[in-house]
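Engineer: Generate coordinates for the sequence data below:
(2 chains)
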Amino acid sequence: MARALSPRRQLITTIAAWSVALLIFFPVLWMILTSFKTEPSAVAMPPEFLSADWTLENYAEVWARSDYPRFFWNSVVISVGSTLLGLVVAVPAAWAMAFVPGRRTKDLLMWMLSTKMMPAVAVMIPLYLLFQRLGLIDTKFGLVIALMLMNLPIIVWMLYTYFKEIPGEILEAARMDGASLWNEIVHVLTPMALPGIASTMLLNIILAWNEAFWTIVLTTTKAAPLSAFIASFSAPQGLFYAKLSAASAMAILPILILGWFSQKQLVRGLTFGAVK
Amino acid sequence: MGKIELTKVRKSFGDVDVIPGIDLTIENGEFVVFVGPSGCGKSTLLRLIAGLEDTTSGTIEIDGKDATNLPPAKRGLAMVFQSYALYPHMTVRKNIAFPLKMAGMDQAEQDRRVERAAKVLNLATYLDRRPGQLSGGQRQRVAIGRAIVREPAAFLFDEPLSNLDAALRVGMRQEISELHQSLKTTMIYVTHDQVEAMTMADKIVVLNAGRIEQVGAPLELYNHPRNLFVACFIGSPKMNVIEGAEAAKHNAHSIGIRPEHITVGDGPWEGVVGLSEHLGSDSFLKVAVEGIGTLTVRAPGEIHAHHGDRIRLAPAGKIHRFDAQGLAL
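Structural biologist: Predicted structure coming up:
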């Protein structure tokens, strides 16, 4: 039931909400402001909130010093590729768990998710050696596989939650209507779960886009995506905060735009099943 | 064709025997109703015939061919579900055409059959709507349309009317019966509503705890129930069961007398009216009779009998006799 708020309460709530939002957004805001400052102004103490000398020089230099389009393209291939490959594996897996569950299905799901609780660094050396032997280091294909495996538990879990909401009788009806398993998944399950599949896709593209640990460990130059591109500005000659900020802003901009336009799908994806 | 034969069909879920072993023959063109209380296994039995559940043992033959291990799609049966189970993302036209598309039928033939089914079921003006834009009755018609276009060997209905309101249920009941008259295809219909069973069936199968209690025509079950369970399950309100001295007078462990077979007026039994329900056409009275117990009586609608009134009752119809095991004598 909706409760009527008094104007004073409404004001307090609004201020509180804006404060929390600003607190969360502050690092991003600070990064964007810094990206337009000169290097001395970026490290000035006390911090200069509104610098006197705004400049676009950092962006120009970052663009000139590196091959931004290549990093951008690598990010697109890796994040979209790993998500699509993940869906190909996860749709049948989630189908099986949702519609023909065994006695241990819940345990299996929990076990899969528990792999996400393990610190990535714990498997860094074995995975690195494996990738080296297979010649997958610094290849986009290698990263697609690695990120797909890292995010697979989340994709399966999200799809499983969506599929559970689809009445089993509809799939049985499709079976009675002569649909093979393939037809049942393609013509009935997938279109019905499309909103869920879309939000799963979006969330995983964002996760893969922002993945830094594995992209830095498993790439050097050729396959490096934007997360590695940012890291390259914090390397040998010392820290250049203004340029680093400009690089970061350029790295997050595409995914920020994608996220902005798909807000509705994302929120639905993250809160799905919370309220029936 | 659509003869279905079940031989020693058993189904268990883990250690629980839901259906301990059933033999049943459904003749071609028959309208068979599976009826029984909740949890009696009637839906499970239907799902076994459909192939949506695997049998634990026993065989299911459809038109003389062993179909026990065939997937649902290969059995040539069509099913109408309680929840309608329409594809929400497809239009009515696509919903009805879906089984034809799955069968690889050419587009012209698909269109022809969909149009014909839509005409029969009065759906022609709704073909381009989605299920979400239809009422319950219309959705159920679409589900039936989807079943009839396939021209199946038999139709399976799993409590198809229980989500509809009372008035619509009566209308749809008649439509399904008329459909059976015109198609003359075997229909198996699951319900817990004995009015549906009595009005629609050629043959009723009464199930209890996974076992068949009796198979027969509606009036046969009404007039000659094989045991107390069938006697009490068929007929509304439920048959009165009397034990003790009154039963002994008829050389039985218990006797059963239907509410419509007791008259109010002169008679050997005297009692006090408890609850009286006046429906207009009939009045149902609960009468506490000394030495016998509470009897339900179906009296004429105009009767003036109210709570606390003393009345006399007389048996005026068949008295069913049962032994200690509840079997009819």
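Engineer: What parts of chain A come near chain B?
Structural biologist: A:167, A:169-170, A:172-180, A:183, A:187-188, A:191-192, A:194 (CB under 8 Å from any CB of the partner chain). For every residue, glycine as well, the C-beta is placed using N, CA and C.
Engineer: Filter these down to the buried ones, ChimeraX style.
Structural biologist: Buried members of the residues of chain A next to chain B, identified by 16 or more other CB atoms under 10 Å in any protein chain shown, are gathered into one ChimeraX selection as follows:
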select /A:169,170,172,173,174,175,176,177,178,179,183,187,188,192
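Engineer: Just the ones in helices from the residues of chain A next to chain B, please.
Structural biologist: A:Glu169, A:Ile170, A:Glu172, A:Ala173, A:Ala174, A:Arg175, A:Met176, A:Asn183, A:Pro191, A:Met192, A:Leu194 (DSSP state H).
Engineer: where do the helices sit along chain B?
Structural biologist: Using DSSP H, helices in chain B cover B:42-50, B:92-102, B:107-120, B:136-148, B:166-183, B:194-200, B:218-223, B:228-233, B:245-248.
Engineer: Dump the ones you listed to TSV, plus mean neighbour count, distance to B:Pro20 and mean pLDDT.
Structural biologist: Formatted as TSV, the helices of chain B follow (neighbours: other CB atoms under 10 Å in any protein chain shown; distance: least, CB to CB, whole Å; pLDDT from 0 to 100):
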stretch	mean neighbour count	distance to B:Pro20	mean pLDDT
helix B:42-50	23	12	92
helix B:92-102	23	34	93
helix B:107-120	16	39	90
helix B:136-148	23	30	89
helix B:166-183	15	31	87
helix B:194-200	19	23	89
helix B:218-223	17	22	92
helix B:228-233	22	16	92
helix B:245-248	15	31	86
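Engineer: Chain A is nearest to which of the ones you listed?
Structural biologist: Chain A lies closest to helix B:92-102 among these, at 3.9 Å (CB to the nearest CB).
Engineer: Also compute the angle for that closest one relative to helix A:168-176, please.
Structural biologist: 50 degrees (axes from the mean of the first three to the mean of the last three CA atoms, to 10 degrees).
Engineer: Determine whether any part of helix B:92-102 lies close to chain A.
Structural biologist: Yes. Applying CB under 8 Å from any CB, one finds helix B:92-102 in contact with chain A at B:Phe98, B:Pro99, B:Met102.
Engineer: what are the C-alpha coordinates of that helix, in PDB please?
Structural biologist: Extracted in PDB, the C-alpha atoms of helix B:92-102 (Å, rounded to 0.1, in the frame of the first residue of the first chain):
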ATOM      1  CA  VAL B  92      -3.900 -17.000 -31.500                       C
ATOM      2  CA  ARG B  93      -3.300 -17.900 -35.100                       C
ATOM      3  CA  LYS B  94       0.300 -19.000 -34.300                       C
ATOM      4  CA  ASN B  95      -0.800 -20.800 -31.200                       C
ATOM      5  CA  ILE B  96      -3.200 -22.900 -33.100                       C
ATOM      6  CA  ALA B  97      -0.800 -23.500 -36.000                       C
ATOM      7  CA  PHE B  98       2.100 -24.400 -33.800                       C
ATOM      8  CA  PRO B  99       1.500 -28.200 -33.800                       C
ATOM      9  CA  LEU B 100       1.100 -28.100 -37.600                       C
ATOM     10  CA  LYS B 101       4.300 -26.100 -38.000                       C
ATOM     11  CA  MET B 102       6.100 -28.700 -35.800                       C
END
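Engineer: Any idea how far it is from the middle of the chain?
Structural biologist: In this view, helix B:92-102 has its centroid 28 Å away from the chain centroid, taken as CA atoms, centre = their mean, to the nearest Å.
Engineer: Run through who's touching that helix.
Structural biologist: With contacts defined as CB atoms under 8 Å, 6 or more residues apart in numbering or on different chains, helix B:92-102 is touched by A:174, A:176-180, A:183, A:187, B:73, B:78, B:86-87, B:90, B:109-111, B:113-114, B:117-118, B:123, B:126-131, B:134, B:142, B:145-146, B:149-150.
Engineer: cool, and stretch A:23-31?
Structural biologist: Where contact means CB under 8 Å, 6+ apart, the residues beyond stretch A:23-31 that reach it are A:Leu22, A:Ser245, A:Ser248, A:Ala249, A:Ile252.
Engineer: which one of the residues you listed is nearest A:Ala198?
Structural biologist: For the contacts of stretch A:23-31, the residue nearest A:Ala198 by CB to CB is A:Ile252; the value is 21.4 Å.
Engineer: Now for the ones in helices among the residues of chain A next to chain B: which two are most distant?
Structural biologist: That would be A:Met176 and A:Leu194, which, of those, are the farthest apart (CB to CB) at 23.0 Å.
Engineer: and A:Asp138, what element?
Structural biologist: A:Asp138 is located outside every helix and strand, with elements delineated by DSSP states H and E.
Engineer: how far away is it from chain B?
Structural biologist: Counting by CB to the nearest CB, to the nearest Å, the gap from A:Asp138 to chain B is 43 Å.
Engineer: Could you do A:Tyr128 as well?
Structural biologist: Counting by CB to the nearest CB, the gap from A:Tyr128 to chain B is 45 Å.
Engineer: ok, now which ones touch that residue?
Structural biologist: A:Ile137, A:Val217, A:Leu218.
Engineer: Could you look up the SS state of it?
Structural biologist: helix (DSSP: H, G, I helix; E, B strand; the rest coil).
Engineer: Quickly note the distance from it to A:Gly142.
Structural biologist: Between A:Tyr128 and A:Gly142 the distance, using CB to CB, to the nearest Å, works out to 11 Å.
Engineer: Give me the common contacts of those two.
Structural biologist: Shared contacts of A:Tyr128 and A:Gly142, defined by CB under 8 Å, 6+ apart, are found at A:Leu218.
Engineer: Would you mind giving the orientation angle of the host helix or strand of A:Val80 with respect to helix A:168-176?
Structural biologist: Using DSSP H and E, A:Val80 maps to helix A:68-99. Counting by the same axes, to 10 degrees, helix A:68-99 lies at 90 degrees to helix A:168-176.
Engineer: Against which helices or strands is helix A:68-99 packed?
Structural biologist: helix A:105-114, helix A:140-164, helix A:194-210, helix A:226-231, helix A:241-261 (3 or more CB pairs under 8 Å, 6 or more residues apart in numbering or on different chains; DSSP states H and E).
Engineer: Let's see that with 7 Å instead.
Structural biologist: With contacts taken as 3 or more CB pairs under 7 Å, 6 or more residues apart in numbering or on different chains; DSSP states H and E, helix A:68-99 sits against helix A:140-164, helix A:194-210, helix A:226-231.
Engineer: Report the residue ranges of every domain in the chain.
Structural biologist: The chain I'm using is chain A. A:7-59, A:67-271 (automatic domain parsing).
Engineer: My question was about chain B, not that one.
Structural biologist: If you go by automatic domain parsing, chain B breaks into B:4-230, B:242-322.
Engineer: Out of those domains, flag the one nearest A:Gly81.
Structural biologist: domain B:4-230 (27.6 Å).
Engineer: circling back: neighbour-wise, which of the contacts of A:Tyr128 leads?
Structural biologist: A:Leu218 (24 neighbours; other CB atoms under 10 Å in any protein chain shown).
Engineer: How about the contacts made by that one?
Structural biologist: Contact analysis of A:Leu218 by CB atoms under 7 Å, 6 or more residues apart in numbering or on different chains lists A:Phe131, A:Ile137, A:Gly142, A:Leu143, A:Ala146.
Engineer: Can you select the buried ones among those for me in PyMOL?
Structural biologist: Buried residues among the contacts of A:Leu218 (16+ other CB under 10 Å), as a PyMOL selection:
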select buried, chain A and resi 131+137+142+143+146
